[in-house]
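Chemist: sharing a model prediction with you, sequence too.
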Amino acid sequence: MADGHTITIEQGTRHVRVVHGDQVLAESERPLVLRETGCPPRYYIPAEDVRLDLLTPSDTHTYCPFKGTASYWSLPDAADLVWAYPDPKPDVSEIKDHLCFYEVEVS
């Protein structure tokens, strides 16, 4: 990666759970942990472990020069709470079909 910027992805070994209000949005025993220079560790959860039925696709898209273009999903009271890279760059291809949340409980 450019200018000392690094991204590492490893298979997580801890249980992660995402709760918003009183709803469990995701729960997984097999998250990927993405560590990126200057950012907190992020847990990317397989789509099968996410309650996609509760989420609404958003019109928001952002671009990361290292990961690609992100798409977002929202809840009625939480805009752009979840994101994913539908077509990630080759260096981070493992995160395809995984979603990431801002707030994750790890146990």
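Modeler: Yep, it's here.
Chemist: what's the average pLDDT for the helix or strand that I9 is a member of?
Modeler: I9 belongs to strand 7-11 when elements are defined using DSSP states H and E. Mean pLDDT, strand 7-11: 97.
Chemist: again with stretch 58-68
Modeler: pLDDT averaged over stretch 58-68 gives 97.
Chemist: what are the buried residues along that stretch?
Modeler: Buried residues in stretch 58-68, counting neighbours by 16 or more other C-beta atoms under 10 Å, are found at 67-68. (Each C-beta comes from the backbone N, C-alpha and C, glycine too.)
Chemist: then that stretch to PDB, C-alphas only?
Modeler: Provided in PDB are the C-alpha atoms of stretch 58-68 (Å, rounded to 0.1, in the frame of the first residue of the first chain):
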ATOM      1  CA  SER A  58     -29.100   3.900   1.000                       C
ATOM      2  CA  ASP A  59     -28.100   6.100  -1.800                       C
ATOM      3  CA  THR A  60     -24.800   6.900  -0.100                       C
ATOM      4  CA  HIS A  61     -21.600   5.700  -1.700                       C
ATOM      5  CA  THR A  62     -18.000   6.500  -0.600                       C
ATOM      6  CA  TYR A  63     -14.700   5.700  -2.200                       C
ATOM      7  CA  CYS A  64     -11.600   4.400  -0.500                       C
ATOM      8  CA  PRO A  65      -8.400   4.300  -2.700                       C
ATOM      9  CA  PHE A  66      -7.400   1.100  -0.900                       C
ATOM     10  CA  LYS A  67     -10.700  -0.800  -0.700                       C
ATOM     11  CA  GLY A  68     -12.900   0.500  -3.500                       C
END
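Chemist: distance from it to the middle of the chain?
Modeler: With C-alpha atoms, centre = their mean, to the nearest Å as the basis, stretch 58-68 stands 12 Å off its chain's centre.
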